[in-house]
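Participant: With the sequence up front, the predicted model follows.
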Amino acid sequence: MPKPKKNNPATNLNDPQYYINRELSWLEFNNKVLHEACDPRTPLLERLKFLAIFSSNLDEYFMVRVAALKQQVEAKVNLLTPDGRTPQQQLDEIQLQLSPQIKKQHQEFEQILRPLLASHKIHILDYIELNQTQRNYLDNYFEEQIFPVLTPLAVDPSHPFPYISNLSLNLAVVVKNPDTEEEFFARVKVPKVLPRFLPLPPALGVKHDGQAAHWTGVPLEQAIAHNLNSLFPGMNIQEYHSFRITRDADLELEEDEADDLLLAIEQELRKRRMGGTPVRLEIQSQTPEVVSSRLLQDLELTENDVYKIDGLLGLRDLMYFMALPLPELKDPPRQSVVPARLQRLKEPTIDTDVLELEEGKDFFAVIREKDLLVHHPYHSFSSSVVRFITSAAHDPSVLAIKMTLYRTSGDSPIVNALIAAAENGKQVSVLVELKARFDEENNIYWARRLERVGVHVVYGLVGLKTHSKIVLVVRRERDRIRRYVHIGTGNYNPKTARLYTDLGLFSCREELGADLTDVFNFLTGYSRQKTYRDILVAPVNMRDRFLELIQREIENVQNGSTGRIVAKMNSLVDPQIIANLYEASRAGVQIDLIIRGICCLRPGLKDISDNIRVISIVGRFLEHSRIYYFYNNGQEEIYIGSADWMRRNLDRRVEVITPIKDQEIAKDLQELLGIMLADNRLAWELKSDGSYVQRRPYDDSPEANSQKIIMDMVLRSPSIT
């Protein structure tokens, strides 16, 4: 057992040298995504997927994070971050750190993955590589399918520079009048309504031993570029170059001035479709200075906003190739398992017999036996969460359903179940978070549809996003009312539940039902509830409770016992939490953190954080669950819920964290944490300088892929977790 250290009270734990910059830490996370694309152990089409995710992540990063920094610079806001950087310093370092990552991404695609794809009969060709028969086919396709959609836009004194939409791919075209020798500039937008990659018919594809390739085709913009004469008849095409811009896409919403939040957000969404101020220009590296300067001038950008690309722009579109029916080039098929305790359930029906319910053949009887934990995507989301809500919707004994919706899918079976519940005469209340970034439009659609059938829809609280993942079902059982709850770490979204790792607790413990009743009263009414029986609620008591739990570990060590904290989350940013973790480390508390994304804490600093270890797991599934473990002098406590240790989660969002009271479930969660801490395939260790090093098996030790291990465990024993 380590001896407790005497802390030097003179040490300033808020010193900027002890903090990693949030924006640069995120770039390190995305760099780990890029590594998966470059890792030969990753199946080929999955490597394309990771390249697409890397690009898509960057798009959102520029639309939100970089855009916000640029706004601060323009407004001359020079507030320092906890690590001591100004907004302009952050922008400069982002460009410095990101440029080699982007270069690596495109080199990987052009020099390694394209040849590898060709060796596996997938040919992403350049137009100049086509033979005449293939060109004739694409030229005809252009005339029939592409040409009618295109709108060339001239740029001259009578035609101002056109508005270029966010994330659109474009061609900058220079044409010459053969009579006057005068040159003109034009823009052609590559339409998003057409597929980015145009396939050739199998008969015209590349042949392998006389057989057609799996896929042969060209990028859409090249088919357009080689048919520009059709768009500019009578003119000589001098040159063309692809470019792509990114605009500020964050909503500027004055909630306290909005009479109707839904209408206010709809108005802001109309502005977003047009896009805000340009924040990034991507151009091909061979674009001549005269063209790039023209674009910079008209878009009001600087050289620091330009990213020069060798190869195709917009690699997020590579996700297209995941649809190819080539399982041998993808991760092995994943099988979601129905938890053992749910396998004996009968299908929910409208006319359910009360006697059968009491015999333990329905979902509610399973929960009455004891708490149930599900772990997605290893456990089936549809057979657990969706079934729970569907059962409640059709059970005649259910009186009310209340839930929060932060993000859900476009064809949500959960929303359909809520509509059915309202039509069945149940009291249904749903808090739809309209401010869920980039899901606002989808949530407005569902909110209106729910309202039309009589569901009580609440749009959230002024100044707070409702990020909690909670469901409350109120049910009449013989001579009493019983409340059933689901408290989760992830969204009620069947699509992301197949890709994100998340946990959910089903329970009918009275204190949890009473707590969630109070939370929903807080969300829908004027409740100013300050205390809760069991749960941690942000922004009410969560921050203080986490600080108390950390302090308790410190005191236990100081009293001669052992201190231990293990926490898994998406991001660790909050300076107060970090400073308290430093205090715990200095006292001798052993701390392991599993942080998928941003981590502003520096581990391994002598006499500051030398008892703190940080890993990040990046793999097939997006690690999204939040788990918090405290040793508590042997009386271990473990929590799950929706909140990360970020200022926004603790202070500006409604979040719910629940303690795990069932000892078997608690042990299962500790086992999960142990498996992840032992990972030597997907895990990256954070160094004190902010860089990451991927773990590798030592000598002849076996590879330990935590996601694969958990998947195999659940397949062997569906009751685990």
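Facilitator: In hand now; what should we look at?
Participant: From now on I want contacts and neighbour counts done on CA atoms only, so please keep to that.
Facilitator: OK.
Participant: Not counting stretch 69-76 itself, show me its contacts.
Facilitator: When contacts are defined by C-alpha atoms under 8 Å, 6 or more residues apart in numbering, stretch 69-76 is touched by residues 78, 87-88, 90-91, 279.
Participant: could I get those as TSV with pLDDT and neighbour count?
Facilitator: Shown next, in TSV, are the contacts of stretch 69-76 (pLDDT from 0 to 100; neighbours: other C-alpha atoms under 10 Å):
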residue	pLDDT	neighbour count
78	84	13
87	93	21
88	95	17
90	96	20
91	95	21
279	94	26
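Participant: Between the residues you listed, which sits nearest residue 445?
Facilitator: residue 279 (29.4 Å; C-alpha to C-alpha).
Participant: And for the closest one, nearest residue in space, chain neighbours not counted?
Facilitator: Nearest in space to residue 279, with sequence neighbours left out and distances taken as C-alpha to C-alpha, 6 or more residues apart in numbering, is residue 247 at 5.3 Å.
Participant: thought residue 341 was touching residue 366?
Facilitator: Yes - if you go by C-alpha atoms under 8 Å, residue 341 and residue 366 touch, sitting 6.9 Å apart.
Participant: which one of these two has more residues nearby?
Facilitator: Taking other C-alpha atoms under 10 Å, residue 341 and residue 366 do not tie; residue 366 has more neighbours (19 against 14).
Participant: just to confirm, which helix or strand has the more buried one in it?
Facilitator: helix 363-369 (DSSP states H and E).
Participant: Only the buried residues of that helix, if you could.
Facilitator: 363-368 (16 or more other C-alpha atoms under 10 Å).
Participant: any idea how far residue 204 is from residue 121?
Facilitator: 13 Å (C-alpha to C-alpha, to the nearest Å).
Participant: Equivalent analysis for residue 457, please.
Facilitator: 55 Å.
Participant: and if you look at residue 678?
Facilitator: 50 Å.
Participant: Could you check which of these two has the larger neighbour count?
Facilitator: Neighbour count, other C-alpha under 10 Å: between residue 678 and residue 204, residue 204 has more, with 17 against 13.
Participant: Just the C-alphas of whichever helix in the chain runs longest, formatted as CSV.
Facilitator: Counting by DSSP state H, the longest helix found in the chain is helix 87-107. The C-alpha coordinates for helix 87-107 follow below in CSV (Å, rounded to 0.1, in the frame of the first residue of the first chain):
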residue,chain,number,x,y,z
PRO,A,87,-8.0,32.0,-28.8
GLN,A,88,-5.5,33.1,-31.5
GLN,A,89,-2.8,30.9,-30.0
GLN,A,90,-5.2,28.0,-30.1
LEU,A,91,-6.0,28.6,-33.7
ASP,A,92,-2.4,28.8,-34.6
GLU,A,93,-1.6,25.5,-32.8
ILE,A,94,-4.6,23.7,-34.3
GLN,A,95,-3.3,24.5,-37.8
LEU,A,96,0.2,23.4,-36.8
GLN,A,97,-0.9,20.1,-35.3
LEU,A,98,-3.6,19.3,-37.9
SER,A,99,-1.7,19.9,-41.1
PRO,A,100,0.5,16.8,-40.8
GLN,A,101,-2.5,14.7,-39.7
ILE,A,102,-4.4,15.7,-42.9
LYS,A,103,-1.3,15.0,-45.0
LYS,A,104,-1.0,11.6,-43.4
GLN,A,105,-4.7,10.8,-44.1
HIS,A,106,-4.5,11.6,-47.8
GLN,A,107,-1.2,9.8,-48.2
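Participant: Check the offset of the very next helix or strand once past it from the chain's centre.
Facilitator: Sequence order places helix 114-119 as the next helix or strand after helix 87-107, per DSSP H and E. Distance of helix 114-119 from the chain centroid (C-alpha atoms, centre = their mean, to the nearest Å) equals 29 Å.
Participant: try stretch 697-714
Facilitator: With C-alpha atoms, centre = their mean, you get 25 Å for stretch 697-714.
Participant: Stretch 285-301 too?
Facilitator: On C-alpha atoms, centre = their mean, the centre of stretch 285-301 falls 33 Å from that of its chain.
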